[in-house]
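Participant: just a sequence and a predicted model for now, questions to come.
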Amino acid sequence: MEVAMRGMRSAIFIDGGYFDWIIRDELNFSRVDYQKFSQGLAGGNEILRTYYYHCEPYQSNPPTPEELSKLSKMQSFLHYLAQLPRYEVRLGKLAYQGRNAEDGKPIVAQKRVDILLGVDLVLLAAKQMITHAVIVAGDSDFLPAIEIARNEGVLVHLFHGVQNAPHRDLWEKCDERTPVTPEFIRTCSNPFGG
């Protein structure tokens, strides 16, 4: 591992839903060592903290056995992340928006995740707690926070999917951009869990 340059400090912001899509659907990986992943994203800089944003799975009333199983697995995973050094889990909410006419499955939308990420990024940048922000996301809703961070002198590095490419405006506003490749994820794979 590279030695961190003096005074270089990164905060890492992971949109868990977007990253899930990359590793599951785009790269077909099931196990990631999130500590190694953060270290790889930081590129040798000191890590202030990794912030992981997600929502717990939807639960109908009453929940189905499948929904309860998904919730239990997600809660175990979030507990695992929260135990990692310098990791912070931030949870949004899923808002029920009806049912799909074709298969009857619930339609849900993720809420609060974008604003949580944006607030954390702006606070750390404004307080000069970080020199670098590493963002794993694809949503253009983060643009105002990214612009503020850059105005505060923070270098913003976007890691993104290839098939599920980030919004063009997000890609353009970041200082550096790196696709999440199978090779990169293999260096962070965890065959034993996580």
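Facilitator: Now that the structure is in, tell me what you want to look at. Numbering: from 1, shown residues only.

Participant: neighbouring contacts of the host helix or strand of residue 90?
Facilitator: Taking DSSP states H and E as the definition, residue 90 sits inside strand 87-91. For strand 87-91, contacts defined as C-beta atoms under 8 Å, 6 or more residues apart in numbering pick out 34, 38, 49-56, 78, 81-82, 113, 116-117, 120. Every C-beta, even on glycine, is put in place using the N, C-alpha and C of the backbone.

Participant: remind me which residues of this protein are low pLDDT?
Facilitator: Residue ranges of the chain with pLDDT under 70: 1-6, 190-194.

Participant: who's in contact with the top helix by length along it?
Facilitator: The longest helix of the chain (DSSP state H) is helix 65-83. For helix 65-83, contacts defined as C-beta under 8 Å, 6+ apart pick out 34, 52, 54, 56-60, 63, 87-89, 91, 193-194.

Participant: hey, C-alpha coordinates of it in PDB?
Facilitator: Extracted in PDB, the C-alpha atoms of helix 65-83 (Å, rounded to 0.1, in the frame of the first residue of the first chain):
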ATOM      1  CA  PRO A  65     -41.100 -14.500   4.300                       C
ATOM      2  CA  GLU A  66     -38.900 -13.400   1.300                       C
ATOM      3  CA  GLU A  67     -39.100  -9.800   2.500                       C
ATOM      4  CA  LEU A  68     -38.100 -10.700   6.000                       C
ATOM      5  CA  SER A  69     -35.200 -12.800   4.700                       C
ATOM      6  CA  LYS A  70     -34.000  -9.900   2.600                       C
ATOM      7  CA  LEU A  71     -34.300  -7.500   5.600                       C
ATOM      8  CA  SER A  72     -32.300  -9.900   7.800                       C
ATOM      9  CA  LYS A  73     -29.500 -10.200   5.300                       C
ATOM     10  CA  MET A  74     -29.300  -6.500   4.800                       C
ATOM     11  CA  GLN A  75     -29.300  -5.800   8.500                       C
ATOM     12  CA  SER A  76     -26.400  -8.300   8.900                       C
ATOM     13  CA  PHE A  77     -24.500  -6.700   6.100                       C
ATOM     14  CA  LEU A  78     -25.000  -3.200   7.500                       C
ATOM     15  CA  HIS A  79     -23.900  -4.400  10.900                       C
ATOM     16  CA  TYR A  80     -20.700  -5.800   9.300                       C
ATOM     17  CA  LEU A  81     -20.000  -2.500   7.600                       C
ATOM     18  CA  ALA A  82     -20.600  -0.500  10.800                       C
ATOM     19  CA  GLN A  83     -18.000  -2.600  12.600                       C
END
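
Participant: how about the contacts made by residue 124?
Facilitator: 11, 48, 130, 133, 149, 154.

Participant: may I see the buried residues of stretch 25-43?
Facilitator: 26-27, 32-43 (16 or more other C-beta atoms under 10 Å).
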